[in-house]
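> Provided below are the primary sequence and the corresponding predicted coordinates.
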Amino acid sequence: MQAINTGLFTSPGAVAYLKREPDMQVGQLAERIWTITDGVRRSIFLEGDTGIVAFDTFGTPGAARAYAGAMAKAVPGKAVNTIIYTHDHLDHAGFADDLAPGAEIIADEMCARVIRLRGASGQLVPTRTLSGEHHEMDVDGLRFTLLNPGPTHGTGNLSAWFPDAGLLFSSDTILPNARYGLMPDYHLCNFVRLMRGFLDFDWDVFVPGRFEVADRARFAKGCDFIEAVQEESQRAFAEFVPIWVLEAMQGYVGGKLAECFGDLDGFDEHIGLISLRIVHHYLMGGWGLEDTPEGGLVLADETA
Amino acid sequence: MNTDNDKAAQGQASPCEHCGIFTIGGDIPIQGSWRDITFTPVRDNIWSVSEGIYRSIFLRGREGVIAFDTLTTPGTARAYAAAVGRVYPDNPIHTIVYSHDHLDHTGYAADMAPDARIIAHDLCDKVVRARRSDGQLPATEVFSGERESFDIDGAYFELIYPGPTHGDGNIAVYLPQSRVLFMVDTVIPGVGYTFFPDWHLLPYVPVMKRLLSLDWDLFVPGHFWVTDRRGFIENLDYYDRMSDIAQQAVLDGLDPHDFAELTKYTNSNLKDEFGELFRFGEYCALNLSRYMQQFITGGWGIEGNWQADTTPF
């Protein structure tokens, strides 16, 4: 394989995939806040006094370079001095080495532990870690709040709240549609309760980690949707629906929720997968300490 | 093989006393429902029990019985206890060993033998205690590390934690005198279960291969039927192949959440190789989706990124 950061790929055929630079769309959300998307995943970046604060890196070396190029056009003459990882996943935070290898990298402490252990090619280890739930940040003249309410998705997931702009950015948690698929690495035990906690803050623009920018009402409906799937998945289990059969779960839960949530984009294609994932939470009891009422991380002590 | 279907005597309509982590109110019929249990001698003092899908083992001691796991619901836990009672009416279950933390295997000791001594790996017990699920009793005795020998009531067995595989603190039960290995929700006949729920895919295969350094020729899984070393090895080979195929599927631009396209992809590319495997049509596309996520997101949590120890036992 050529000298290129490869994440976890080992196939020589991955080079073209990893190098491809997608078209990026940039939009300004507030005086110093932009959002950027490759058509599926989404992030934000900020203009500081002397440089750029970029959230995440996108999911390939090519996408990271395209992200860097788009930021340079939007904020000419300023370099990316800071990267903030929302969480540990490679498709969001995997390629800082291609985005801005000399930047300070801020992340939650648990996110940093997973990244260190993973050792993926291109995913740089954070240089500054945060522990706890609430962090008032003052970075290069920019003031904002980073929030980790507890296990939601991935490890050490940080959301960013901009009170002056009335904006919340939360990656791969609530989506503006029903396109959750199998809900990879979601921690369901406290998910809706923790996400609803963001509604205690004052904001009206919601930037998710993928798909389009939304508002407070759509965020709240997203919480309602996941909660409704949790309830109907339990009923399916309780009433002897064969919960290991995709079509059976799709029929039962989809039928119960179509009236209230059938208007969500992707509902018909995804409700079976979502409910199949969620019903296993009740069958098995949740996955690891992250999925218990207290939260936590299995083997955390061994990686301290 | 015997079938325990004396439902009336065992309280078929008994209410659900323990509700796991259900949060919906009202009746939860599946929890209390009776399920027929089959019980089959394996070797020596080892018996296997199953309700058709789930499987476990129990051992006869001099005075009582050591039961592994509790099966899936309060109703099946009671049926499991009744099955043991039919085989050994004078030997009560005095010990339960948890294979791992999941409720569908170890959720209902309170319904099976509430006063039994309960043994688990400490990683399993941490999750059980934090979960506080109704009916899942915490362990009374934990062990840490990789290997612990037990001689309980004249029955000898070893519990082995090879590393992260599935769930938390998942242990293999090694019965060297009978050359039998029992391990739950790891090697299961056929393709993988649905979307590999709570499997730690990065360390999974190398960790499981460590168990091949032990002397056994019969493997009892946590689901379906008993197999041998060859079946065990072939099953792990499937995971290795699926990992390679998933990597290619990402490069081919397949969307891991588009089930219709996943199914087309598996039928076009994998049916010749795997089409004869049990449940290929049900789960191969879901297996592929989960493995694709491994390359897209990286492993999940610390367990999913654990660098496996491959030292033989």
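Arrived safely.
> Now do the strands in the stretch 151-300 of chain A.
Assigned by DSSP state E, counting those that start in this stretch, the strands in the stretch 151-300 of chain A fall at A:159-162, A:167-170, A:205-208, A:214-215.
> Hmm, I typed the wrong one, I wanted the stretch 101-250 of chain B.
Secondary structure of the stretch 101-250 of chain B (DSSP E, counting those that start in this stretch): strands located at B:117-121, B:141-143, B:147-152, B:155-160, B:172-175, B:180-183, B:218-221.
> looking at those strands, which is buried most?
Comparing these by mean neighbour count (mean count of other C-beta atoms under 10 Å in any protein chain shown), strand B:180-183 ranks first with a mean of 25. Just so you know, the C-beta spots here come from the backbone N, C-alpha and C atoms, and that holds for glycine as well.
> Minimum distance to chain A: which of the strands of the stretch 101-250 of chain B has it?
strand B:117-121 (11.2 Å; C-beta to the nearest C-beta).
> Adjacent strands (with direction) for the closest one?
The strands that strand B:117-121 pairs with in its sheet are strand B:93-97 (parallel), strand B:141-143 (parallel) (by DSSP bridges).
> Can you report how many residues neighbour the closest residue to A:Val241 other than its chain neighbours?
Leaving aside its sequence neighbours, A:Val241 sits nearest to A:Tyr252 (C-beta to C-beta, 6 or more residues apart in numbering or on different chains; 4.9 Å). Number of residues near A:Tyr252 (other C-beta atoms under 10 Å in any protein chain shown) recorded here: 24.
> residue contacts, A:Tyr252?
Contacts for A:Tyr252 (C-beta atoms under 8 Å, 6 or more residues apart in numbering or on different chains) come out as A:232, A:235-236, A:241, A:275.
> Considering these, which possesses the most neighbours?
Counting neighbours by other C-beta under 10 Å, A:Ser275 comes out on top of those with 28 neighbours.
> my guess is it meets A:Ala236, correct?
Yes: judged on C-beta atoms under 8 Å, A:Ser275 makes contact with A:Ala236 at a distance of 7.1 Å.
> list the residues that contact both of those two?
Common contact partners of A:Ser275 and A:Ala236 (C-beta under 8 Å, 6+ apart): A:249, A:252-253.
> for those residues, which one is nearest chain B?
Chain B lies nearest to A:Met249 out of these, by C-beta to the nearest C-beta, at 10.4 Å.
> Next, the contact list for that closest one, please.
Applying C-beta under 8 Å, 6+ apart to A:Met249 gives the contacts A:233, A:236, A:241, A:243, A:272, A:275-276, A:279.
> hmm, 10 Å instead?
Contacts for A:Met249 (C-beta atoms under 10 Å, 6 or more residues apart in numbering or on different chains) come out as A:229, A:232-233, A:236-237, A:241-243, A:271-279.
> and A:Gly62, backbone torsions?
Dihedral pair for A:Gly62: phi -60, psi -40, per degrees, to the nearest 10.
> give the contact list for it.
So A:Gly62 contacts A:4, A:16-22, A:38, A:95, A:98 (C-beta under 10 Å, 6+ apart).
> Among those residues, which lie within helices?
Among the contacts of A:Gly62, the members falling in helices (DSSP state H) are A:16-19, A:98.
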